[in-house]
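Novice: sequence first, predicted coordinates after that:
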Protein chains: 2
Amino acid sequence: MAKKIKPEEQISTEEKIKEAARTVFMKKGFSATRTRDIADEAGINLALLNYYFRSKEKLFELVMMEKFQAFFGVIFPILNDPSTTLERKVELIADQYITLLTENPDLPIFILSEIRTNADRMVASVRLDKILAESQFVKQLHERRPDMHSVQLIMSILGLVVFPFLMRPLLMQTGNADTKIFNAMMNERKQWIPKWFDSILNAK
Amino acid sequence: MAKKIKPEEQISTEEKIKEAARTVFMKKGFSATRTRDIADEAGINLALLNYYFRSKEKLFELVMMEKFQAFFGVIFPILNDPSTTLERKVELIADQYITLLTENPDLPIFILSEIRTNADRMVASVRLDKILAESQFVKQLHERRPDMHSVQLIMSILGLVVFPFLMRPLLMQTGNADTKIFNAMMNERKQWIPKWFDSILNAK
DNA sequence: GTCTATAACCTGATAGAC
DNA sequence: GTCTATCAGGTTATAGAC
């Protein structure tokens, strides 16, 4: 109980708090979360939270930064890889995103909610437009199909991949699908979405 | 200033509060909203809010009910109309939804956020699954393409229609698109999405 | 580093005058 | 019906003992 080095107890207090913060913030969002919830979840007391992280806000920023990176860190490298075709990029996005979100289904709603409520607290200046405009994806698309709008296309891919996870609470609540069924449906999409875009990219 | 009946001043205090509640709740969500914000927005004082509506919660439920109905009230009648084809249904959903959301872009993020944070406070039991399963849309799809999963298809349609509005804050923040450009893009989708689904429904 | 206790502030709701 | 004033309770953050 004291200073034995059992693997589970190696986790530092700081990390325990951070992990608890991830859990609670992800579930309730910034405003609905009380620092006491996090302290309880971490199994420590409230004062310690302020000792390690100066404030609720600082702790939140840490978590948000992580999640933001997880959310966008998957897509940008794929879009920017010069060595893959457009078709392959779509395939990779569908596959990797759905895998990520299956393990982390609350990620999209968390990020989108917090952006809405507190655009200021957000990781500002992500320059989504620039990053996209200068990407290999856009370059390749422009060469192949100058008639297609890259933002439209990317919004469509993301919509098909991400939206089901946003609807998930609503679908699960009504008992229409348990986790297993939902995940199976998402796995189908991994095949489905690339095929769809193939036919669009080669249409007419 | 007293009891003149100028049109703008006919608005009852009750309605002024309700309207303010719509604005503030939609922008910040339940938890981040303070009743004082609503009172200020309505130009009345805090006590009056509790006089007309018993509590913050009651007022919120009112607003949520409205918005929920607006969000789902468009799609259900379309899905259930026996006199329209599948293609026409997709066309109507794309057209009417995008029109609705263009006027009310915060609607989806509001509803989805609040469902997450407070599944309990939500308009429970919407039985999305039942309503869908018994819809004309599902019946027609099953006859025409028994190989296709109706939930998948509906999630896809909604994803293509709704997701851009969820990304909107992120796109607008980065200056990639102002309102006019964004709306133009959404209008394109009114044509685009039905064509897409036509080719899917008639594929292979 | 970790705790208890509490300060300082905020928020929802109500009492009571007009 | 509408206001001011205030209560009661909750929340973040800190002081200070160990």
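Specialist: Thanks, I have it.

Novice: residues touching the helix or strand harbouring A:Leu79, excluding its own?
Specialist: Element membership for A:Leu79, per DSSP states H and E: helix A:75-80. Residues from elsewhere that reach helix A:75-80 (Cβ atoms under 8 Å, 6 or more residues apart in numbering or on different chains): A:84, A:89, A:92-93, A:96-97, A:131-132, A:135-138, A:154, A:158. (Glycine included, C-beta is placed from N, CA and C.)

Novice: taking the residues you listed, tell me the two that lie furthest apart.
Specialist: A:Gln96 and A:Val138 (19.2 Å; Cβ to Cβ).

Novice: so which of the two has more stuff around it?
Specialist: When neighbours are counted by other Cβ atoms under 10 Å in any protein chain shown, A:Gln96 and A:Val138 differ, and A:Val138 comes out ahead with 19 against 16.

Novice: so the more buried one sits right up against A:Ile131, yeah?
Specialist: No. Taking contacts as Cβ atoms under 8 Å, A:Val138 lies outside contact range of A:Ile131: 9.8 Å.

Novice: distance from the one helix or strand A:Leu49 maps to to the middle of the chain?
Specialist: Assigned by DSSP H and E, A:Leu49 belongs to helix A:46-52. Computed by Cα atoms, centre = their mean, to the nearest Å, the chain-centroid distance of helix A:46-52 equals 28 Å.

Novice: which SSE is immediately downstream of it?
Specialist: Sequence order places helix A:56-73 as the next helix or strand after helix A:46-52, per DSSP H and E.

Novice: which helices and strands sit right next to that following helix?
Specialist: helix A:13-32, helix A:107-117 (3 or more Cβ pairs under 8 Å, 6 or more residues apart in numbering or on different chains; DSSP states H and E).

Novice: find the centremost residue of chain A, please.
Specialist: By Cα atoms, centre = their mean, chain A has its centre lying nearest to A:Phe71, at 3.1 Å.

Novice: residue contacts, that residue?
Specialist: A:Phe71 touches A:Leu107, A:Pro108, A:Ile111, counting by Cβ under 8 Å, 6+ apart.

Novice: and the helices and strands packed on helix A:56-73: which comes nearest B:Pro169?
Specialist: Here helix A:107-117 is closest among those (Cβ to Cβ), at 5.1 Å.

Novice: name the residues of the very next helix or strand once past the closest one that come out as buried.
Specialist: In the C-terminal direction, the helix or strand that comes right after helix A:107-117 (DSSP H and E) is helix A:128-133. By neighbour count on 16 or more other Cβ atoms under 10 Å in any protein chain shown, the buried set for helix A:128-133 is A:Leu128, A:Asp129, A:Ile131, A:Leu132.

Novice: ok, now how distant is the third one from chain B?
Specialist: Pointing back at A:Ile131 there. 9 Å (Cβ to the nearest Cβ, to the nearest Å).

Novice: leaving out the residues flanking it, which one is nearest to that residue?
Specialist: Counting by Cβ to Cβ, 6 or more residues apart in numbering or on different chains, A:Phe76 is the residue found nearest to A:Ile131 once chain neighbours are left out, at 6.3 Å.

Novice: what parts of chain A come near DNA strand C?
Specialist: A:Thr13, A:Ile44, A:Asn45, A:Leu46, A:Ala47, A:Leu48, A:Tyr51 (Cβ under 7 Å from any atom of the strand).

Novice: can you tell me which of those are buried?
Specialist: Here, 16+ other Cβ under 10 Å leaves A:Ile44 buried among the residues of chain A next to DNA strand C.

Novice: could you export the residues of chain A next to DNA strand C as TSV, including pLDDT and distance to DNA strand D?
Specialist: Below are those laid out as TSV (pLDDT from 0 to 100; distance: Cβ to the nearest atom of the strand, whole Å):
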residue	pLDDT	distance to DNA strand D
A:Thr13	97	14
A:Ile44	97	12
A:Asn45	97	8
A:Leu46	98	5
A:Ala47	97	4
A:Leu48	98	8
A:Tyr51	98	7
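
Novice: the residue nearest to A:Ile131: neighbouring residues, count only.
Specialist: A:Phe76: 15 neighbours (other Cβ under 10 Å).
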